[in-house]
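Q: Output the structure for:
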Amino acid sequence: MIKRTPVFLLLLLAALLLAPVQSPLQAQDKKPATLREVLLSELRSTHTNAEWFVPANTAVKGLTAEQASWTDGKGNHSVGQLAYHLVFWNRRNLANLKGEKSEKFSGNNDETFNKFDSKTWNEIVRQLDEVMSELEKWVETANEAKLKESAQVFTHISTHNAYHIGQIIFVRKEQGSWDPKNGVN
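A: Below you'll find the model as predicted:
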């Protein structure tokens, strides 16, 4: 082995440290992300954009009311219950953001799952898409002050949505109604 290896490594290290570093955004000549762009990206990744995980619209797509009502018999929620829960909390947050009065709520979170009725499955799917679209529109049109004031609410909404979408996929996999071509094996 050649004894110059340490010198070569030092030169390589120096070259790497002195080389300009570009982020993926800079490499694509994009401007730095604004708060609005970040929040919209988070919301859309849990609504319609398949990126790091399956979005809500894909998670509930093609499910019958009977499938949406299925439970594993171990106390876990059905897809319908999870979707109803997301509609409930997303609507409530949207109403608060708009300064509107929220629907009456006892404070019992179980109610936000257990009011699901399979007869309303198609309506729940429609409402889930609608309320998520409305949240995106709110972010698109809010003034900067309101956006900054509400940013943490949106990070919680997106995290909450992603958590329950993961549960929806898990339930569908347990049930055998999930097609791995939709994004998760």
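
Q: Give the other helices and strands that the one helix or strand residue 83 maps to contacts.
A: Following DSSP states H and E, one finds residue 83 within helix 79-98. Here helix 79-98 touches helix 56-60, helix 65-69, helix 111-114, helix 121-141, helix 144-175, going by 3 or more CB pairs under 8 Å, 6 or more residues apart in numbering; DSSP states H and E. For the C-beta atoms, the positions are set from N, CA and C on the backbone; glycine is no exception.

Q: So what's the gap between it and the chain middle?
A: The chain centre lies 13 Å from the centre of helix 79-98; the measure is CA atoms, centre = their mean, to the nearest Å.

Q: highest average neighbour count across the helices and strands packed on helix 79-98?
A: Scoring these by mean neighbour count under mean count of other CB atoms under 10 Å gives helix 56-60 as the most buried, with a mean of 22.

Q: tell me the mean pLDDT for it?
A: Per-residue pLDDT over helix 56-60 has a mean of 94.

Q: Not counting it itself, show me its contacts.
A: For helix 56-60, contacts defined as CB atoms under 8 Å, 6 or more residues apart in numbering pick out 46-48, 50, 68, 79, 83, 86, 125, 128-129, 132, 161, 165, 168-169, 172, 182-183.

Q: got the buried residues for the helix holding residue 83?
A: By neighbour count on 16 or more other CB atoms under 10 Å, the buried set for helix 79-98 is 79-91, 93-94, 97.

Q: Specify which member of those is nearest to residue 62.
A: residue 79 (11.3 Å; CB to CB).

Q: And the pLDDT at the closest one?
A: Predicted confidence (pLDDT) for residue 79: 97.

Q: before we move on, what about residue 51?
A: For residue 51, pLDDT reads 80.

Q: how much space between it and residue 153?
A: Separation of residue 51 from residue 153 (CB to CB, to the nearest Å) stands at 21 Å.
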